[in-house]
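Novice: need a 3D model of the sequence below.
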Amino acid sequence: MIDNTLVRAVEQGDFAAWKVLWDGYNAFYGHKGETALPDAITELTWSRFFDGYEPMYALVAEQEGHLVGLAHFIFHRTTNAPGPYCYLQDLFTLEPARGKGVGRALIQEVYRRAEKAGASRVYWLTHETNTTAMKLYDKVAEKSGFIAYRKVL
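Specialist: Residues are numbered from 1 along each chain as shown. Alright, predicted model coming up:
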């Protein structure tokens, strides 16, 4: 716990509050209105957090009984190490919680859980315009120098 922020695993009863965060995260990256994710994707994502066969996990940050942030991370094999890598796929905090240590607390808990799982690396991507978040990222990690490419299929 950092100050009044509790970081914990998401629970089944958190769905409504988590979805507010999830929708905020997706809206931040332009997925809203006509481009919003289908409900089926949201439901599938939610179900994966509670499926013991899925290597996908969700954390939430809670302040005074309200969820103010989320982090989703995935463990996967790599050709570069005997243990897994941890990919921090999604990180989001509500606007009023930004700059107050919530994002840092979520990242630190991902680090802790990744280390416990035997991962040798935690990594993530962010958009080049996300300069506010990069101020934090530059303090808690190092830039890899890699540029991401993708092909939508």
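Novice: only alpha carbons, please: show the longest strand along the chain as CSV.
Specialist: What stands out as the longest strand in the chain, according to DSSP state E, is strand 66-76. Extracted in CSV, the C-alpha atoms of strand 66-76 (Å, rounded to 0.1, in the frame of the first residue of the first chain):
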residue,chain,number,x,y,z
HIS,A,66,-13.3,3.2,-4.9
LEU,A,67,-11.3,1.8,-7.8
VAL,A,68,-9.0,4.5,-9.4
GLY,A,69,-6.6,2.4,-11.5
LEU,A,70,-6.0,-0.9,-13.3
ALA,A,71,-3.1,-2.9,-14.7
HIS,A,72,-3.4,-6.0,-16.9
PHE,A,73,-0.4,-8.2,-17.4
ILE,A,74,0.4,-11.4,-19.3
PHE,A,75,3.2,-13.9,-18.8
HIS,A,76,4.7,-15.5,-21.9
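Novice: partners of it in the sheet?
Specialist: Looking at strand 66-76 with DSSP bridges, its partner strands are strand 56-63 (antiparallel), strand 85-93 (antiparallel).
Novice: how close does Q89 sit to K32?
Specialist: 19 Å (Cβ to Cβ, to the nearest Å). Where C-beta positions appear, they are placed from N, C-alpha and C, glycine not excepted.
Novice: which non-adjacent residue is nearest the residue nearest the centre of the chain?
Specialist: Nearest to the geometric centre of the chain sits A71, at 2.6 Å (Cα atoms, centre = their mean). Leaving aside its chain neighbours, A71 sits nearest to L106 (4.1 Å; criterion: Cβ to Cβ, 6 or more residues apart in numbering).
Novice: quick one on the thing from earlier: just put the strands paired with strand 66-76 in CSV and tack on mean pLDDT and mean neighbour count.
Specialist: CSV is the format used below for the strands paired with strand 66-76 (pLDDT from 0 to 100; neighbours: other Cβ atoms under 10 Å):
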stretch, mean pLDDT, mean neighbour count
strand 56-63, 97, 20
strand 85-93, 97, 21
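Novice: quick one: the helices in this protein?
Specialist: With DSSP state H as the definition, the chain shows helices at residue ranges 15-28, 39-48, 102-116, 131-140.
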